[in-house]
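# give me the fold of what follows.
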Amino acid sequence: MRQTEQAMLRYRDCQQEIDALLRRFKPLRPIQVAPGERIPGSFWGDPEAGLIGAAIYLRDDTPVHSALHEAGHFVCMDAARRAVLHTNAGGDDAEEDAVCYLQVLMAEQLSVVGMRRLFTDMDAWGYSFRLGSAAAWFEQDADEARDWLLWHQLIDGEGCPTWRLRC
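Sure thing, here's the model as predicted:
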């Protein structure tokens, strides 16, 4: 594990706040996995978050960015994909960008996180953006992602989550 990965915010650092945020996206429900247990539905493997149906699986050492990203996938995918969701969220590039944008907006809802800290953790994990960093992408190259979220009514005109799921 790289030094920067060790310093990432983890689910254990703000568990109650994350759980409350995720529950706002009904029927999404966070399920805590015991330490050392395999995380069901994790596309990237432990300690990354997992998705199966309307359950998001999180362990104490799951990075916050992973929890928010997988929740973003749940919100942004259409109802047909959500109905058969197991591990691989799928989606096209436009949806993936929207997921990343929404994860930043969700981070702003968490008092311990915020967008700047999320950008640091995303860069440390290895998210890849054309402009070289998560912050540069969000500030200079994410208009299409924002428009996608607005089109699907997942954020409002002020850039706040609407707590809805894509139809």
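# host element of V104?
Secondary structure from DSSP states H and E places V104 in helix 93-108.
# after that helix comes which helix or strand?
Counting by DSSP H and E, what follows helix 93-108 is helix 114-125.
# for that next one, the distance to its chain's centre please.
12 Å (Cα atoms, centre = their mean, to the nearest Å).
# quick one: that helix to helix 93-108, angle?
130 degrees (axes from the mean of the first three to the mean of the last three Cα atoms, to 10 degrees).
# which element follows helix 114-125 toward the C-terminus?
Following helix 114-125 toward the C-terminus (DSSP H and E): helix 134-140.
# neighbouring contacts of that next one?
If you take Cβ atoms under 8 Å, 6 or more residues apart in numbering as the criterion, helix 134-140 is touched by 100-101, 104, 115-116, 118-119, 122-123, 127, 129-131. For glycine as for every other residue, the C-beta is placed from the backbone atoms N, C-alpha and C.
# buried residues, the helix holding V104. List them.
Of the residues in helix 93-108, 95-107 count as buried by neighbour count, 16 or more other Cβ atoms under 10 Å.
# and which of these is nearest R23?
M106 (12.5 Å; Cβ to Cβ).
# contacting residues around that closest one?
L21, L68, A71, G72, P161.
# so who does the residue lying closest to A94 once chain neighbours are set aside touch?
Ranked by Cβ to Cβ, 6 or more residues apart in numbering and with sequence neighbours excluded, the top spatial neighbour of A94 is W148, at 5.5 Å. Contacts for W148 (Cβ under 8 Å, 6+ apart) come out as A94, E95, D97, A98, Y101.
# report the secondary structure element holding the closest residue in space to S111 that isn't next to it in sequence.
The spatial neighbour of S111 that comes closest, neighbours along the chain excluded (Cβ to Cβ, 6+ apart), is E17 at 6.6 Å. Element membership for E17 (DSSP H and E) is helix 15-23.
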